[in-house]
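Peer 1: Coordinates for the following, if possible.
(one chain, ligands or ions: 1)
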Amino acid sequence: MTEIDSPAQIVFAMPRIGDPAPEFTADTTQGPINFPADYKGKWAIFFSHPADFTPVCTSEFITFAWMQQQFRDYNTELVGLSVDGLYSHIAWLRTIKEKITFNGMSGVEVTFPLIEDVTMEVAQKYGMIMPGEASTKAVRAVFVIDPAGVIRTIIYYPLSTGRNFDELLRLIKALQTADAFGVATPADWRPGDPVIVPPAESCGVAADRMAGAEEGLECEDWFFCTKQISETDVENAIRAK
Ligand code: BEZ
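Peer 2: All right, here's what the predicted structure looks like:
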C-alpha cells in the first residue's frame, strides 16, 4: 500500500495483482479481524458490497453464504465489507435469515465475517470507493488473496449488477490449478478441460513441440500447446484435505 500526499487528504494507491494485501484490523459480525494475517495458509475472497438492506446485496449474501462450504472445500474463506456499522450488519443478517428467500434459498445464516467500515478506511485502502459510481458506498469489489497474503485477482462490478458466484468458485479452482501444476487455464476452463503449458522459451523447444517430441502435448502452433489433466488429478491436487 502506498500513500500519496495531497493537500486535502491522504490518497491510497490502488492495490494491484501481485501486491501484498494491505493490512488492517477491524470489527466484524464475527468479532475482531486482523487481515490478512488471520488467513495465513488459506485463500481468502475479500469482497465489498454497497449497503446493507439493499436487494442486490441481499441476493449476493444469500448466495455466498449458501456456497460457503463449496469455497471451504478449496481452502477458501469469505470476508465481506460495507461502510455500514456493526448494528446495521447484525440487523440485516438477522433479517436475511428470518425473512428472505432468493432463488429457492431461505433461512440462510451468514457465518462469515462482515466488516464494519464506517470511516471507509479499509475501503479506501483497497480502492473499493469509486466516486464516479458512488462516493459514500463501496462498489462490488472482489479481491482473491492467496495463502501467502498476496493479491491474485481483482474484480470490480458496479452497484447495479450482482456477481456470478459460480465464476468466483471456478476462478479459485483455476488459480489453485495453475499453482499446483505450473500451467495456465484457457477461456472458460473447468477442471478436466485441457490446460495451457508454459510457452516455448527457445527455438529448439518450439521446433520440438511442433515435431511432436513432447509426449502428451497438443500444439495448435509452437506458442499454443495444451495438455490434459484429468478432473480427478485436479481435484486431488486442490481440494482441501
Ligand atoms: C442493491 O444492492 O440492491 C443496490 C445497492 C446500491 C445501489 C443499487 C443497488
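Peer 1: what about stretch 69-83, how long is it end to end?
Peer 2: This stretch, stretch 69-83, spans 26 Å end to end (CA to CA, to the nearest Å).
Peer 1: Repeat that for stretch 177-185.
Peer 2: For stretch 177-185, the first-to-last residue distance is 8 Å (CA to CA).
Peer 1: Now do the buried residues in that stretch.
Peer 2: Using 16 or more other CB atoms under 10 Å as the test for burial, stretch 177-185 gives 177-178, 181, 183, 185. The C-beta positions use only the backbone N, C-alpha and C, and glycine is treated the same way.
Peer 1: what's the average pLDDT for the biggest helix by length in the chain?
Peer 2: In the chain, taking DSSP state H as the definition, the longest helix is helix 165-181. Confidence over helix 165-181 (mean pLDDT, whole number) is 98.
Peer 1: Next, the buried residues of that helix.
Peer 2: 165, 168-178, 181.
Peer 1: Nearest to E23 among these?
Peer 2: Nearest to E23 among these: L175, at 21.4 Å, using CB to CB.
Peer 1: Tell me who's in contact with that closest one.
Peer 2: By CB atoms under 8 Å, 6 or more residues apart in numbering, L175 lies in contact with 43, 144, 146, 152-153.
Peer 1: So which of these belong to strands?
Peer 2: Residues of the contacts of L175 located in strands (DSSP state E): 43, 144, 152-153.
Peer 1: near the ligand, from those residues?
Peer 2: Checked against the ligand using CB under 6 Å from any ligand atom, those yield no neighbours at all.
Peer 1: Of the residues you listed - the most surrounded one?
Peer 2: V144 (22 neighbours; other CB atoms under 10 Å).
Peer 1: and the residue most central in space within the chain, bridged to which residues?
Peer 2: Centroid-nearest residue in the chain, with CA atoms, centre = their mean: V144, separated by 3.2 Å. V144 forms beta bridges with I45, T153, as assigned by DSSP bridges.
Peer 1: ok, back up a step: columns distance to K137 on top of the buried residues of stretch 177-185, output as CSV?
Peer 2: Shown next, in CSV, are the buried residues of stretch 177-185 (distance: CB to CB, whole Å):
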residue, distance to K137
T177, 35
A178, 33
F181, 40
V183, 39
T185, 33
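Peer 1: which sections of the chain are below the confidence cut-off?
Peer 2: 1-11 (pLDDT under 70).
Peer 1: give me that answer again for 90
Peer 2: Applying pLDDT under 90 to the chain flags residues 1-13, 241.
Peer 1: doesn't A207 make contact with E214?
Peer 2: No: contact criterion CB atoms under 8 Å: E214 and A207 do not qualify, at 11.0 Å.
Peer 1: Same drill for those two, tell me which one is more crowded.
Peer 2: Neighbours per residue (other CB under 10 Å) separate E214 from A207, with E214 holding more: 15 against 12.
Peer 1: Does the more buried one belong to a helix, a strand or coil?
Peer 2: Three-state assignment for E214 (DSSP: H, G, I helix; E, B strand; the rest coil): coil.
Peer 1: Report the contact partners of it.
Peer 2: 208, 225 are the contacts of E214 under CB under 8 Å, 6+ apart.
Peer 1: can you tell me how far it sits from N164?
Peer 2: Using CB to CB, to the nearest Å, E214 is found at 36 Å from N164.
Peer 1: cool, V79 as well?
Peer 2: From V79 across to N164, the span is 19 Å (CB to CB).
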